[in-house]
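Asks: this is the structure alone, sequence omitted:
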């Protein structure tokens, strides 16, 4: 082996080493970008889980009261609860668990209990129409609040869809940038591999 061959081998090994380093650098950048988006998605999924849990629990409570007392909610009372937004309904942080705000939970509990008590009272009275009406109105507020929570769920679900799309789009863009950054290094490595005879 001549000095010239040794130089070519050294150049080829150096080029291959630089390809490996560039691939590792680009993979680390892609992984970091993916992780940032994945963390954001996990936070949104946690919000959705909290909403789904409360929706399920509260819908079941509503069905039980309607079934037990045979009175439908009176939704003509109008909705007077928090605005339909994630900030108004959810508490927590991106790093910790999410839950429905405690004041909203108390509103659900109060209307549920009022409805139950008023329906029980109306059964015990000969003329229990006023109590029955008050129970139906409390149940109406409960149902309207549930409807608002469903709307909040829709907002969070849409946010989750957008976050997934953004992560996928960013990953595709990062991949293109990684390929472009790797191209010059690969070209040098290919040239080094071509040994003149």
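Replies: Yep, it's here. The shown structure was predicted, so the numbers you read here are calculated from the model rather than taken from an experiment.
Asks: and the one helix or strand in the chain whose mean pLDDT sits lowest, how far out from the chain middle?
Replies: When the helices and strands of the chain are scored by mean pLDDT, DSSP states H and E, helix 3-69 comes last with a mean of 83. Counting by C-alpha atoms, centre = their mean, to the nearest Å, helix 3-69 is centred 14 Å from the centre of its parent chain.
Asks: by contact count, what packs against the helix or strand that contains residue 123?
Replies: Assigned by DSSP states H and E, residue 123 belongs to helix 102-124. Where contact means 3 or more C-beta pairs under 8 Å, 6 or more residues apart in numbering; DSSP states H and E, helix 102-124 is packed against helix 3-69, helix 129-193. Bear in mind the C-beta positions are built from the backbone N, C-alpha and C, glycine included.
Asks: so residue 72: helix, strand or coil?
Replies: Three-state call for residue 72 (DSSP: H, G, I helix; E, B strand; the rest coil): coil.
Asks: OK, contacts around the residue nearest to the spatial centre of the chain?
Replies: Nearest to the geometric centre of the chain sits residue 44, at 2.1 Å (C-alpha atoms, centre = their mean). By C-beta atoms under 8 Å, 6 or more residues apart in numbering, the residues touching residue 44 are 156, 159, 160, 163.
Asks: leaving out sequence neighbours, find the closest residue to residue 101.
Replies: Excluding its sequence neighbours, the residue lying closest to residue 101 (C-beta to C-beta, 6 or more residues apart in numbering) is residue 91, at 4.8 Å.
Asks: my guess is the one you found meets residue 98, correct?
Replies: Yes. Using C-beta atoms under 8 Å, residue 91 is in contact with residue 98, at 7.3 Å.
Asks: if you count neighbours, what's buried in stretch 80-97?
Replies: Buried residues in stretch 80-97, counted by 16 or more other C-beta atoms under 10 Å: 81, 82, 84, 89, 90.
Asks: that stretch: how far from the chain's middle?
Replies: 12 Å.
Asks: give the rounded mean pLDDT of it.
Replies: Averaging pLDDT along stretch 80-97 yields 84.
Asks: about what we covered before: counting by contacts, list what the helix or strand following the least confident helix or strand of the chain packs against.
Replies: Next along the chain after helix 3-69, taking DSSP H and E as the criterion, comes helix 86-89. Using 3+ C-beta pairs under 8 Å, 6+ apart, the elements in contact with helix 86-89 are helix 129-193.
Asks: all set now, cheers.
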